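Colleague: Output the structure for:
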Amino acid sequence: MIILKTDREIKLMREAGRIVAQSHELVSKLIKPGISTKELDRAVEEFIKSKNAIPAFKGYQGFPASICASINDEVVHGIPSQRTVQEGDIISIDIGAVIDGYYGDGAKTFCVGKVDKEKKKLIEVTKKSFYEGIKFAKEGYRLSDISHAVQDYVESEGFSVVRDFVGHGIGTNMHEDPQVPNFGKPNKGPRLQKGMVLAVEPMVNAGTYHVRILQNDWTVVTCDGKPSSHYEHSFAITDGEPYLLTVL
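Modeller: Down below sits the predicted model:
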């Protein structure tokens, strides 16, 4: 069941989303060769708590950290550790925050120092695919119109969209109906209505879209070892343009 949110609820989700955006801003300043993903995790957790919010991921279905930190061929759900990032790496940071019972969820992929042209293009295409998708995040369109636009743009640039993991509704739970794939035919699924709040999150691979989960039961990696990028915002459907919640 898709839960439509009131203006009051969307306002609370905007507060949670702003904390997510501020957390990404903090990460952008901290990322440099030699920093460990555990250090990034600790900094974000402290920041979220300083805003009287709760890190959404910590303890979620047993996840042990406050951020997901996925390096190079890691697609999503990388567990922070003592592993350090190196010059030329890319790292996807997924962050969630809860305030007054409402969730914000967003992800960005960062360059560590200077990265090669293909990785840079991968990050740019992933981000752009999100914005291509939300051109259709308006009343009257169907859910899969977003999905189709993401896939169409990504594949036109020579990359592939992960099929095994999708975006989602969000509200008083981090994952609510509906699921929002980043692929598929247009004009399918529920019609978009004012009050729907969605987290759309393209996961884009440089090679094949096939992925596998490591033995830790969390970290998803590309099957061919090629790099992957992740970009996500939560937003509300309005009677006009979509209202981005996870921005500064």
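Colleague: Not counting its neighbours along the chain, what's nearest Thr98?
Modeller: Careful, residue 98 is Val; it's not Thr. Leaving aside its sequence neighbours, Val98 sits nearest to Ile54 (CB to CB, 6 or more residues apart in numbering; 4.4 Å). Glycine gets a C-beta too; all of them are placed from N, C-alpha and C.
Colleague: just checking, what packs against the biggest helix by length in the chain?
Modeller: Within the chain, and with DSSP state H defining each element, the longest helix by residue count is helix 7-30. If contacts are counted by 3 or more CB pairs under 8 Å, 6 or more residues apart in numbering; DSSP states H and E, helix 7-30 sits against helix 37-50, strand 90-99, strand 102-111, strand 233-236, strand 243-244.
Colleague: again, 10 Å this time
Modeller: helix 37-50, strand 54-55, strand 67-71, strand 90-99, strand 102-111, strand 197-200, strand 233-236, strand 243-244 (3 or more CB pairs under 10 Å, 6 or more residues apart in numbering; DSSP states H and E).
Colleague: And the next helix or strand past the fifth one?
Modeller: Spelled out, that is strand 102-111. Per DSSP states H and E, strand 102-111 leads on to helix 117-133 as the next helix or strand towards the C-terminus.
Colleague: Distance of the residue lying closest to Lys135 once chain neighbours are set aside relative to Val197?
Modeller: Of all residues not flanking Lys135 in the chain, Ala149 sits nearest, at 6.4 Å (CB to CB, 6+ apart). From Ala149 across to Val197, the span is 19 Å (CB to CB, to the nearest Å).
Colleague: Look at the two and report which has more neighbours.
Modeller: Higher neighbour count among Ala149 and Val197: Val197, with 27 against 22, using other CB atoms under 10 Å.
Colleague: what pairs with the more buried one across the strands?
Modeller: Under DSSP bridges, the beta-bridge partners of Val197 are Ala236.
Colleague: from memory it sits against Lys11, does it?
Modeller: No - using CB atoms under 10 Å, Val197 is not in contact with Lys11, being 11.6 Å away.
Colleague: any common contacting residues for those two?
Modeller: Common neighbours of Val197 and Lys11 are listed as Lys5, Tyr102, Ala236, Leu245 (criterion: CB atoms under 10 Å, 6 or more residues apart in numbering).
Colleague: quick one: which of those residues has the most company?
Modeller: Neighbour max across the shared contacts of Val197 and Lys11 (other CB under 10 Å) = Leu245, 29 neighbours.
Colleague: which residues touch that residue?
Modeller: 10-18, 20-21, 102-106, 170, 197-199, 233-236.
Colleague: and if we set it to 6 Å?
Modeller: By CB atoms under 6 Å, 6 or more residues apart in numbering, Leu245 lies in contact with Met13, Arg14, Gly17, Ser234, Phe235.
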